[in-house]
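> got a predicted structure here, sequence first:
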Amino acid sequence: MGIIGVDRHSRSRPTLPFAEGDAAVRYPRHHLGVGPNNPYAWRMILLFISMQTPYFKTLATPPINETLRDAAARRGIFVGSAINYWDLQKDAAYARLAAAQYNLGTAENSCKFAATEGQPGSFNVSDCTSVLNFAHEHGMTFRAHNLIWGRSNPDWLVNGSYSPANLSTLEGTHIQHVVADVGKRPYCWDVVNEAIADDSDNSSTLFKAADPWYPAVEDYVYKAFAEAHAAAPSSIKLFYNDYGAEGTGAKASRVIQLVKNLQQKNIRIDGIGLQMHVSTGYYPSFDSVSANIKALGDLGLEVHITEMDVKCPTCNTTQGLEQQAAIYGGMLKACLDNDNCRSFETWGFTDKYTWLDQDTYPLPFDKNLQPKPAVAELLSILQTYALPRTPAA
């Protein structure tokens, strides 16, 4: 059976920069509020970049003298990427680069509902565990993504005539089976993905419409975490993952409210995934991201940057590549500034395989699997950036 809808990680919608809506909906216009084709705007943006410290600095390409994973290991942080099951099968060079550079991997699509329960009651996690096995064979930690989402669901689920009670039962059964079948090896599960209402929704509710779950099953998010807690050993951490809540603001506050609601209900949640799908024209300020990570840490939560990419239409120029590198670097520093930020992950690693248009050059390695300036910048920060806060004992 097919999948209803196209999830944001599919490569069949290459012209859209984000999953839902325009970039301006996800992030307010940053810096000058002008378009990417205005040369004056780019000069002013780069001037602004050069003035921001400690997050931005004048970029000089340092030597790439070790892997990202080795530098990250010394900092006690994961550096990772989404890994596509099909690309692993067909492209040995892709597989080698993933294994060489990263100490954490996420199955891009293979652990989602449509991939693991294609027919009602028929569970198959083989593609999910194939990526998990690849990760573990190469000394990588594995993030399992995701159990419940309003997209990437099989059409039997979306088109079925289910009562709220039946949907709730289906939700619980799916979580129980998939968590058990994947087993104890994941570091964490993204239990629920993208459930919080966007700022543009002007919603009076905490959650947005999520087919088929909400509003049919009003407590579906809470139920998902309760079921995941019952199914998963305590060694597997339970995360909520979303976009548009990376920096402080209204949506970030709603995520915090969800966390507090779960905690008040004594339902386990261990961490928050901040996706970080941004562009050179639209991204939250580094200070606001750092402050938001700290606020989540104050609630006892681990934070991961889970899906970063930096859409860069001008990255066929040196100027564009340098700006992209600076944004990647600034976000990594915002993570490193907070002891509870334990992972920095991109949604793919090469422009050869991206859910975005290849000509937006969003990822750290180019179409030929060669490192872009972003790789050197990330490596330099991992090697040299001094934490202003004393690491937790």
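Right, received. Where do you want to start?

> what number of residues lie near the closest residue to residue 66 other than its chain neighbours?
Nearest residue to residue 66, sequence neighbours excluded (C-beta to C-beta, 6 or more residues apart in numbering): residue 379, at 7.1 Å. C-beta: built from backbone N, CA, C; applies to glycine. For residue 379, the count of nearby residues is 25 (other C-beta atoms under 10 Å).

> elements contacting the helix or strand residue 379 falls within?
Secondary structure from DSSP states H and E places residue 379 in helix 373-384. Applying 3 or more C-beta pairs under 8 Å, 6 or more residues apart in numbering; DSSP states H and E, we find helix 373-384 packed against helix 68-75, helix 318-336.

> how far off helix 68-75 does that helix point, in degrees?
30 degrees (axes from the mean of the first three to the mean of the last three C-alpha atoms, to 10 degrees).

> how about the helices and strands packed on helix 373-384 in CSV, adding mean pLDDT?
Below are these laid out as CSV (pLDDT from 0 to 100):
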stretch, mean pLDDT
helix 68-75, 96
helix 318-336, 98
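
> out of the ones you listed, nearest to residue 191?
Comparison of those against residue 191 by C-beta to C-beta identifies helix 318-336 as nearest, at 21.6 Å.

> partner strands of the following helix or strand past the closest one, with direction?
Per DSSP H and E, the first helix or strand lying C-terminal to helix 318-336 is strand 341-346. Here strand 341-346 is paired, per DSSP bridges, with strand 78-83 (parallel), strand 302-311 (parallel).

> so what touches the first one?
Spelled out, it's strand 78-83. 9, 68-69, 71-72, 98, 101-108, 131, 134-135, 140-141, 143, 145, 304, 307, 342-349, 378, 382 (C-beta atoms under 8 Å, 6 or more residues apart in numbering).

> can you tell me the element the residue nearest to residue 106 when sequence neighbours are not counted falls in?
Excluding the flanking residues, the one nearest residue 106 by C-beta to C-beta, 6+ apart is residue 143, at 4.3 Å. If you go by DSSP H and E, residue 143 is part of strand 141-149.

> show me what that strand is packed up against.
strand 78-83, strand 104-107, helix 113-116, helix 126-137, helix 164-182, strand 188-193, helix 220-231, strand 302-311.

> beta partners of residue 272?
Note on residue 272: beta-bridge partners residue 240, residue 303, judged by DSSP bridges.

> in the chain, what spans have low per-residue confidence?
1-63, 387-393 (pLDDT under 70).

> one more time with 90
1-65, 199-204, 358, 386-393 (pLDDT under 90).

> what about residue 96, distance to residue 369?
9 Å (C-beta to C-beta, to the nearest Å).

> these two: who's more crowded?
Shown here are residue 96 and residue 369; by other C-beta under 10 Å, residue 369 has more neighbours (17 against 12).

> quick check, the more buried one in a strand?
No: under DSSP: H, G, I helix; E, B strand; the rest coil, residue 369 sits outside any strand and is assigned coil.

> settle this for me: it is touching residue 100, isn't it.
No: using C-beta atoms under 8 Å, residue 369 makes no contact with residue 100, being 10.4 Å away.

> tell me the contacts of the residue nearest to residue 106?
Contacts for residue 143 were tallied using C-beta under 8 Å, 6+ apart; they are 80, 104-106, 186-188, 190, 304, 306, 343, 345.

> scan the residues you listed and report the most crowded one.
Most surrounded of these: other C-beta under 10 Å gives residue 106, at 34 neighbours.

> for that residue, list each beta-bridge partner.
In this entry, residue 106 is beta-bridged to residue 82, residue 143, by DSSP bridges.
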